[in-house]
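**Q** Starting from these lines, generate the structure:
(chains A and B)
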Amino acid sequence: MKNDINRREFLKRAGGAAMIMGGVAAVTGCKDSSASTETATSMEEAMTYRTNPGNGDLVSILGYGCMRWPMIKDENGKDIIDQETTNRLVDYAIEHGVNYFDTSPVYLQGQSEQATGIALKRHPRESYFIATKLSNFSNASRENSMMMYRKSFENLQTDYIDYYLLHSISGMDAFKKRYLDNGMIDFLVEERKAGRIRNLGFSFHGGNEGWDELMALHEKYHWDFVQIQLNYVDWKHANAEYLQTELDKRGIPSIIMEPLLGGRLSKVPQHIADRLKERNPHGSVASWAFRFAGTPKGVLCVLSGMTYMEHLQDNLKTYSPLVPLDDEELSFLYETADLMKKYPTIPCNDCKYCMPCPYGIDIPAILLHYNKCVNAGEVAQSIEDENYRKARRAYLVSYDRAVPKLRQADRCIGCNTCVEHCPQRIKIPQELHKISRYIENLRREK
Amino acid sequence: MLRKIRIILASIFFVGVTLLFLDFTGTLHAWLGWMAKVQLLPAVLALNLVTVAVLLLITLLVGRVYCSVICPLGVMQDIISWIHGKTKKKNRFRFGYSPAKNWLRYPILVLFIIGLALGAHSIAILIAPYSAYGRIAANLLAPLYQFGNNFFAWIAERAGSYAFYSTEVWIKSVSSLVIAAVTFVVIGFLAWKHGRTWCNTVCPVGTVLGFVSRFSIFAPVIDTEKCRNCGLCGKQCKAACINMKEHEIDYSRCVACMDCIDTCKDGAIRFACRYGKGTPVKEREPKAAETKADQGRRAFITSAVIAGTAVAAKAQEMKVDGGLAEIERAEKPERQTPLVPAGAISLKHMADHCTGCQLCISVCPNQVLRPSTSLMTLMQPEMSYERGYCRPECTRCSDICPAGAIKPVTVEEKSSIQIGHAVVNLDNCVVNTDEVSCGNCARHCPAGAIRMVRKDPENPKSLMIPTVNEERCIGCGACENLCPARPFTAIHVEGHEIHKEI
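**A** Residues are numbered from 1 along each chain as shown, chains lettered A, B, ... in the order given. The predicted model follows:
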């Protein structure tokens, strides 16, 4: 433990030094400070780093979201994390300057923390920051929450956690139920004092009212950071602008989640893609979203759940170094967001929090398939539509391919178990029933 | 020339009828459905008198071309026999004259008719030619075709094409599968060894047509002046009906395949008018000794078939899973009254008319129809809703049925034909077992027959439970199929003996 504190103090000092040298929030290509943290962050391609104003941590602007590690089937047909590929992704990420890894006890059917721990253990502990969460959704008792907290240390094979989050709260109600009444928040503040938690914050999904309630608690608990959903669609069409402004006011650094809206900002309708490509033929569609998320100065780190090496490489390219968007590019993206909003897609980000549905429905697969068809123009409004026959066949055939019959929308009984889990607050049963009605009409050729 | 025409026509019919059984997409049926409807026994059962008359007239005019061209089982035997003939030259000329086994074929015909009349359909239709072929195609060939299709669908999916979509391959009834397999083996064996023995001794349609073709106007005729008694015509005659010594042809067994005409090097056999200067035909009685073998064969067939029907095991189920919450398949409920499709009018009408060809089962896109395993209606279709339900927009079985067992209905008519009614078992309902709100049955009821009512009438916030308005229910099974309760659903459909309009 003593050793760790020394290392941590050293890090602090190194970070502070970087701050003095840079004097700005964005520090790029800080070879010197990285050299002190042993082998990691050789940074040949000059990843952009941001400094945590609270303790001087130098955090790579690209953070690894550990919610989407590649999966394979084990011999029993069960989905398990492909550890070998995960190790390779982690090695590559660290090698190219990524030093922030965000996981949770509930990700990937509960396997993420352990797999992330295994992959990270192969690197010096001080070369990266670990973020994990108290995800006590199903059982908020103190006993269960404690168990979850301790288990995270075990899974991640560490004795301190750099960034610890109250997982997905929307306001005072959730905070009270899951962290206040069971005394966990006081306990966690103590843990922070003891150094086992270096930064304490929360991840937020909710409206402005709940937000204000939680911001009011800053005085009492001192949020070291807050994780918010920010992207160029949510900036004006949801409350991302408000949240970021409020954080900036208080000098709280933000961690960005859903910069790509679960892929919805990379899998855009063709004419939107054309629009983005025309403006920047060499950049990927996704790169616009990542540049946007990294542009606000108060952003410490932008998370991306990179399943494939190609995604990782593309993001590394975007962020090594980050070229912030200028005003003209920003307004171009706001226009793009307006155009995208015209498509009646369902705001599902494939986080799978709603799963498993007790009645076996594959909720994200149904919603994503619907979105895909909306974006491809394969959702016919009426039988009079010019492309009705083609759209009908395309929808029905691809639906059966995307979702097994017994997991389709017509099996949703509307028990509402899923609704409270959805961070996007999608009224899942209503959406499923709507899709089911649409399909029924297609089948009946109405 | 005539032989070539026969082969071309036979190929068209054979491929057409086979495709009817294979094409699960339903696209070919509009074009080829008539090929099933011109089959003799279905036409008789459908009381399709025009078709029957035309077929009999054709037979009276030119002999049993029906057996050589239209009947798929006959063509199948020809193909098998021909393959054997191709193996060695000797095998092509493996036949010889044998007298007709009238003592066998007429009693079988009589028993067959009695069986149909008395309602012992399931036994009688075992030897009905078209439906026997139908069962072979539907039970043995269709799964192979579907596997092939699924392979193309797999490729299409990877190529981003919607040209093929995959279909569920499952054994709809083990007993039907066994019967089809036994039929194929027995008839295939007979055809391999003896050509058209089945058609001329067992097949009731063959016997009836033989009776007519005995008097046919046109037929192969031997010109004794040109004949050099080489005997080749008799040795290649798969119907074993050319008596070379006497220069006689048994026209009741000749299937008008025209093979003999092409075989005769001397042009001594012509297809010509038999009356006028031609020789009249003598009937010959079969000798007792020659029939021993056939008796044994017949006994073998019968016992094999009976053994086949005795093996009635449960259908195999396919596994579906994707690493999500496990899904349990619904168990098939015990229905007190069987369910038959709209258009079948009543259970009796279905039993009286169905030939058990299983064409309806092959075309059902919703996996609803499967062969019955009950002894009295064996191989005839019945409905169950574990895999799908009778979709309101589909009338395929009624469109295709060649025997009039399922009369044609329109989509509009179907929506008001009550084939059964739903019965709720609230003990199984998830509203009671899991204490969740559901209403999936009511949500998907196309007839608006299921109403959700308060479980506790006193409590306005009470959970809702389903009730069935039997008057409005048409028995489509959407509720049963989509009910989440397991292993038995909380709602199932009971059939009606007589369908009625609502």
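**Q** Can you get me a residue count around the residue lying closest to B:Glu386 once chain neighbours are set aside?
**A** Computed as CB to CB, 6 or more residues apart in numbering or on different chains, the closest residue to B:Glu386 that is not its neighbour in sequence is B:Ala330, at 4.9 Å. From N, CA and C alone the C-beta is placed, and that goes for glycine too. Residues within reach of B:Ala330, counting by other CB atoms under 10 Å in any protein chain shown, total 22.
**Q** quick check, B:Ala330 in a strand?
**A** No: judged by DSSP: H, G, I helix; E, B strand; the rest coil, B:Ala330 forms no part of a strand; its state is coil.
**Q** Contacts only, for it.
**A** B:Glu386, B:Glu480, B:Asn481, B:Cys483, B:Arg486, B:Pro487, B:Phe488, B:Thr489 (CB atoms under 8 Å, 6 or more residues apart in numbering or on different chains).
**Q** Any regions of chain A where pLDDT drops low?
**A** A:1-45 (pLDDT under 70).
**Q** Neighbours of B:Arg451, how many?
**A** The tally of other residues near B:Arg451 (other CB under 10 Å) stands at 15.
**Q** mind listing what it touches?
**A** Contact analysis of B:Arg451 by CB under 8 Å, 6+ apart lists B:Ala442, B:Pro466, B:Thr467, B:Asn469.
**Q** show me what contacts the last one?
**A** Counting by CB under 8 Å, 6+ apart, B:Asn469 touches B:Ala449, B:Ile450, B:Arg451.
**Q** From B:Glu470, how far off is the second one?
**A** Meaning B:Ile450. Per CB to CB, to the nearest Å, B:Ile450 is found 11 Å from B:Glu470.
**Q** can you pull out the strands in chain A?
**A** A:26-28, A:48-51, A:58-60, A:62-65, A:71-73, A:79-81, A:100-102, A:129-134, A:161-169, A:197-204, A:225-229, A:254-257, A:299-304 (DSSP state E).
**Q** how about the ones you listed, which one is nearest chain B?
**A** strand A:79-81 (3.8 Å; CB to the nearest CB).
**Q** Grab the nearest non-local neighbour of B:Pro408.
**A** Spatial nearest neighbour of B:Pro408, excluding adjacent residues (CB to CB, 6+ apart): B:Ser398 at 5.1 Å.
**Q** Any idea how many residues pack against that neighbour?
**A** 21.
**Q** Quick check, it in contact with B:Lys407.
**A** Yes: contact status for B:Ser398 versus B:Lys407: in contact at 6.4 Å, counting by CB atoms under 8 Å.
**Q** between those two, what contacts are shared?
**A** Joint contacts of B:Ser398 and B:Lys407 (CB under 8 Å, 6+ apart) are B:Gly343.
**Q** got the contact list for A:Ile361?
**A** A:Arg407, A:Gln408, A:Ala409, A:Arg411, A:Cys412, A:Leu432.
**Q** Distance check, it against B:Val436.
**A** Distance of A:Ile361 to B:Val436, given as CB to CB: 13 Å.
**Q** Next: B:Ile80.
**A** 59 Å.
**Q** Kindly report the same for B:Val75.
**A** 57 Å.
**Q** So for the two, which residue has more residues nearby?
**A** Neighbours were counted for B:Val75 and for B:Val436 using other CB under 10 Å; B:Val75 has more, 23 against 17.
**Q** okay, now the residue nearest to that one when sequence neighbours are not counted: neighbour count?
**A** The shortest distance from B:Val75 to any non-neighbouring residue, by CB to CB, 6+ apart, is to B:Phe14 (4.2 Å). Neighbour count of B:Phe14, defined by other CB under 10 Å: 22.
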